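Engineer: predicted model follows, preceded by the sequence.
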Amino acid sequence: MPEYRIKISYSTGDSFHNEDAEQTLELTWKNLDIAKENLQRIKEHYQMKEDIHRYNSKLTLWQWYEKNKDKEWFVNKPKLFSKKHDHALDDNEKTKKAVGEGNWEYRPDSYFAEHCLYLKADNGNQMQLSAFWCGYFESLYGAEIEVDNSDMKFKTR
């Protein structure tokens, strides 16, 4: 039975140069339908990231998270925030008391929401993955499912 993997095509770089890159995810699947579902998850996650950073977006960052938080791919690591000052707080009872009841709330951590996603394994378990194509200098070109033929060849050099 063939195994399937997902290859990501993206650009990466730094302040001084940019280059095209391809990288294959370490996860493989025997079930093609699950591989296809994961491809869709990658697409939706990247679309959310792009929508958030569009300059003419009518939604705030938190509204985008709220819109996507129930999707299976969304990584929601709650973080304590001040409602009044709109910034992260230390998550302890002393801070909550000092800020005052009703003046704080839990929101998704931006790093995990935008730079990580859950993919599904063949057994149905969710696997958290770092979206290496979602950095400051990265831009996703696309992704595709490939048949993993690595056990059908070898190289000596």
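Structural biologist: Thanks, I have the structure now.
Engineer: how about the helices in this protein?
Structural biologist: Secondary structure of the chain (DSSP state H): helices at 32-52, 61-68, 93-99, 110-115.
Engineer: the ones you listed: which one's closest to Q126?
Structural biologist: With C-beta to C-beta as the criterion, Q126 lies closest to helix 32-52 of the helices of the chain, at 10.2 Å. In short, each C-beta sits where N, CA and C put it, glycine included.
Engineer: for that closest one, buried residues please.
Structural biologist: Of all the residues in helix 32-52, those buried under the rule 16 or more other C-beta atoms under 10 Å are I34, A35, N38, L39, R41, I42, E44, H45, Y46, M48, K49, I52.
Engineer: mind giving me the packing neighbours of it?
Structural biologist: In terms of contacts (3 or more C-beta pairs under 8 Å, 6 or more residues apart in numbering; DSSP states H and E), helix 32-52 is packed against strand 3-13, helix 61-68, helix 110-115, strand 116-120, strand 139-148.
Engineer: run a quick neighbour tally on the nearest residue to Q23 once chain neighbours are set aside.
Structural biologist: Nearest residue to Q23 in three dimensions, chain neighbours excluded: I8, at 5.3 Å (C-beta to C-beta, 6 or more residues apart in numbering). Under the neighbour criterion other C-beta atoms under 10 Å, I8 is assigned a count of 20.
Engineer: next one: D86
Structural biologist: Residue neighbour count, defined by other C-beta under 10 Å, stands at 11 for D86.
Engineer: go on, E144?
Structural biologist: Residues lying near E144 (other C-beta under 10 Å) number 11.
Engineer: next one: it relative to D20, how far apart?
Structural biologist: 15 Å (C-beta to C-beta, to the nearest Å).
Engineer: and L27, by the same measure?
Structural biologist: 23 Å.
Engineer: check K94 too.
Structural biologist: Computed as C-beta to C-beta, the K94 to D20 distance reads 50 Å.
Engineer: more neighbours: those two, which one.
Structural biologist: Each of K94 and D20 has its neighbours counted (other C-beta under 10 Å); D20 has more, 11 against 8.
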